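[1] what follows is a predicted protein model with its sequence.
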Amino acid sequence: MAKPEMSKAGRSPQLTADSIWAYKPWWCQPWSILLTGLFIISGSWYVFQRWWLTGIISAPVLVWMGFFIVIYPRLMKDMMLQKHEVE
């Protein structure tokens with residue numbers, strides 16, 4: 001895990017391109033997002049035991065998981081790389 005770099009003024013940490021998870025709390029880490037999503041999906045099956053209802057519940061949960069585990073880190077990495085190129 002990369003450590004945050006200090007900004008030029010030395011006041012606050014600055015994000016590095018490969019360290020997005022270092023700035024997130026434990027409940028926003030990839031493992032917690034996966035466990036929460038799987039818990040919701042399996043919980044819906046346990047409660048309702050209907051494939052169609054579990055599918056309806058699973059769709060937005062899988063989109064949420066995909067966004068925060070795949071898309072968000074890429075966007076942040078690209079943003080930080082772009083910011084470093086400007087400086």
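    Done, it's in.

[2] what about the longest helix in the protein?
    helix 30-48 (DSSP state H).

[3] got a list of contacts for the following helix or strand past that helix?
    Helices and strands here follow DSSP states H and E; after helix 30-48, the next one along the chain is helix 51-66. Helix 51-66 is contacted by residues I33, L34, G37, I40, I41, S44, W45, F48 when judged by C-beta atoms under 8 Å, 6 or more residues apart in numbering. C-beta here means a position set from N, CA and C on the backbone, and glycine is covered the same way.

[4] how about stretch 29-39?
    Here stretch 29-39 makes contact (C-beta under 8 Å, 6+ apart) with W21, W26, V61, L62, W64, M65, F68, I69.

[5] re earlier: just the buried subset of the contacts of helix 51-66, please.
    For those, a neighbour count by 16 or more other C-beta atoms under 10 Å gives the buried set as I33, G37, I40, I41, S44.

[6] looking at the residues you listed, spot the one nearest R74.
    Distance ranking of those against R74, using C-beta to C-beta, places I33 first at 15.0 Å.

[7] need the pLDDT of the closest one.
    Listed pLDDT for I33 reads 95.

[8] any idea how far it lies from W27?
    I33 sits at a distance of 9 Å from W27 (criterion: C-beta to C-beta, to the nearest Å).

[9] ok, now how distant is S42 from T36?
    In terms of C-beta to C-beta, S42 sits 11 Å off from T36.

[10] I meant E85, not that one.
    35 Å.

[11] next one: I56
    For I56, the distance to T36 - C-beta to C-beta - is 18 Å.

[12] cool, W51 as well?
    For W51 relative to T36 (C-beta to C-beta), the value is 21 Å.

[13] who's more crowded, the two?
    Legend: neighbour count by other C-beta atoms under 10 Å for W51 and T36, higher for T36 (14 against 10).
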